[in-house]
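K.L.:
take a look and give me a structure for this.
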Amino acid sequence: MTEPQPDPSSGPPNHGTPERAGRQGPAREPSPVAGLAAEYAAKAGLHRTHDGRVDVLRSAGGVQGIAESIVPGLMFLVAFTITRELTLSLVAALASAAVFTVVRLVQRRPLTQALAGVVGVGISAWLANSTGKAEDFYLPGFFTNAGYILAMVLSIFLKWPVAGLLFGFIRNEGLDWRKDAVRVRAYQLGTWIIVAVLALRLVVQVPLYLMGPDGLAALATTRLIMGAPLYILGVWIAWLVTRPAAVDAGTDSNGEDAGLKA
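P.N.:
This is a model prediction of the structure:
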């Protein structure tokens, strides 16, 4: 099952407030690397609320995006539990993913997330149908999680933690946080939290997968619970622990920086 993807149609987040811009004077010319970080954060779909906090639900794709990531797996579980027919259950999962694509066509919304869901479910269905093992429907998700873990751990050791690239953009820090060892460590910790969420999935779900048919119901259930809901919780906690401890400049009358509110 694919991770929930944000809806690109909602556009990039706001980059600051007019009041702050007025205090700082002429804007600095952004560096190419900062531009890449901003583009990466925008494509990752992180959004901020009007008061500068991360909008976790919207960043996870909203209600529709979360449904697109959950329903195909749920349909597979329900159909297989009732019928014990692998082919029918795979068709049910693929059909539900296709329905979301049609819904987005009717809504005239971008198809990126829905098509990614169809492709992901299609690969899972193909693998399960090829091996004849229902539990193999969930196997591709393990490799996806492992890939994310490796990429994030690498970013931590290279001192380019993924949490910093994403949250720093939303907080208007750009890449300035890399000049502050304290902020780098904070964003490394935030990235470790997201890594822990992904690793927890593997720790819980791989043993259930290895149980074969006997562990299928538990595997499917934990995949649903530890999918979007756990991902949202992990991102929210990572956001909280990476909040700037203090603001050195550009504070308003209440001592708070509108762009660095967490």
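K.L.:
how about low-confidence regions in the stretch 101-250 of the chain?
P.N.:
Scanning the stretch 101-250 of the chain for pLDDT under 70 picks out 111, 113-114, 246-250.
K.L.:
helices of that one, start to end?
P.N.:
For the stretch 101-250 of the chain, applying DSSP state H, counting those that start in this stretch gives helices covering 112-131, 139-157, 162-170, 181-210, 216-225, 228-241.
K.L.:
now distance to I70 and mean neighbour count too, for these, in JSON lines please.
P.N.:
For every residue, glycine as well, the C-beta is placed using N, CA and C. Listed next are these as JSON lines, based on distance: least, CB to CB, whole Å; neighbours: other CB atoms under 10 Å:
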{"stretch": "helix 112-131", "distance to I70": "10", "mean neighbour count": "18"}
{"stretch": "helix 139-157", "distance to I70": "13", "mean neighbour count": "15"}
{"stretch": "helix 162-170", "distance to I70": "23", "mean neighbour count": "25"}
{"stretch": "helix 181-210", "distance to I70": "14", "mean neighbour count": "18"}
{"stretch": "helix 216-225", "distance to I70": "6", "mean neighbour count": "18"}
{"stretch": "helix 228-241", "distance to I70": "6", "mean neighbour count": "18"}
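K.L.:
in JSON lines, list those along with distance to L74.
P.N.:
Below are these laid out as JSON lines (distance: least, CB to CB, whole Å):
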{"stretch": "helix 112-131", "distance to L74": "12"}
{"stretch": "helix 139-157", "distance to L74": "14"}
{"stretch": "helix 162-170", "distance to L74": "28"}
{"stretch": "helix 181-210", "distance to L74": "16"}
{"stretch": "helix 216-225", "distance to L74": "6"}
{"stretch": "helix 228-241", "distance to L74": "12"}
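K.L.:
ok, the closest residue in space to A95 that isn't next to it in sequence - how many residues close by?
P.N.:
Closest residue to A95 apart from its sequence neighbours, by CB to CB, 6 or more residues apart in numbering: M75 at 7.7 Å. By the criterion of other CB atoms under 10 Å, M75 has 21 neighbours.
K.L.:
M75 against A93, yeah?
P.N.:
Yes. The pair M75 / A93 is scored as a contact, 5.1 Å apart, by CB atoms under 8 Å.
K.L.:
about what we covered before: so where does the residue nearest to A95 fall, helix or strand?
P.N.:
Assigned by DSSP states H and E, M75 falls within helix 62-83.
K.L.:
what angle do that helix and helix 139-157 make?
P.N.:
140 degrees (axes from the mean of the first three to the mean of the last three CA atoms, to 10 degrees).
K.L.:
between helix 228-241 and helix 62-83, find me the angle.
P.N.:
Calculated by the same axes, to 10 degrees, helix 62-83 forms an angle of 150 degrees with helix 228-241.
K.L.:
with only the CA atoms kept, save helix 62-83 in PDB.
P.N.:
Output in PDB follows, covering the C-alpha atoms of helix 62-83 (Å, rounded to 0.1, in the frame of the first residue of the first chain):
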ATOM      1  CA  GLY A  62      -6.800  15.200   3.200                       C
ATOM      2  CA  VAL A  63      -9.700  12.800   3.900                       C
ATOM      3  CA  GLN A  64      -9.900  11.700   0.300                       C
ATOM      4  CA  GLY A  65      -6.100  11.100   0.000                       C
ATOM      5  CA  ILE A  66      -6.200   9.000   3.200                       C
ATOM      6  CA  ALA A  67      -9.100   7.000   1.900                       C
ATOM      7  CA  GLU A  68      -7.300   6.400  -1.300                       C
ATOM      8  CA  SER A  69      -4.400   4.800   0.600                       C
ATOM      9  CA  ILE A  70      -6.600   2.700   3.000                       C
ATOM     10  CA  VAL A  71      -9.700   1.500   1.100                       C
ATOM     11  CA  PRO A  72      -8.000  -0.800  -1.500                       C
ATOM     12  CA  GLY A  73      -6.300  -2.800   1.300                       C
ATOM     13  CA  LEU A  74      -9.500  -2.800   3.300                       C
ATOM     14  CA  MET A  75     -11.500  -4.100   0.300                       C
ATOM     15  CA  PHE A  76      -8.900  -6.900  -0.100                       C
ATOM     16  CA  LEU A  77      -9.200  -7.900   3.500                       C
ATOM     17  CA  VAL A  78     -13.000  -7.900   3.600                       C
ATOM     18  CA  ALA A  79     -13.400  -9.700   0.300                       C
ATOM     19  CA  PHE A  80     -10.800 -12.400   1.200                       C
ATOM     20  CA  THR A  81     -12.100 -12.900   4.700                       C
ATOM     21  CA  ILE A  82     -15.600 -13.500   3.300                       C
ATOM     22  CA  THR A  83     -14.900 -15.500   0.200                       C
END
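K.L.:
before I go, just wanted to say thanks for your time.
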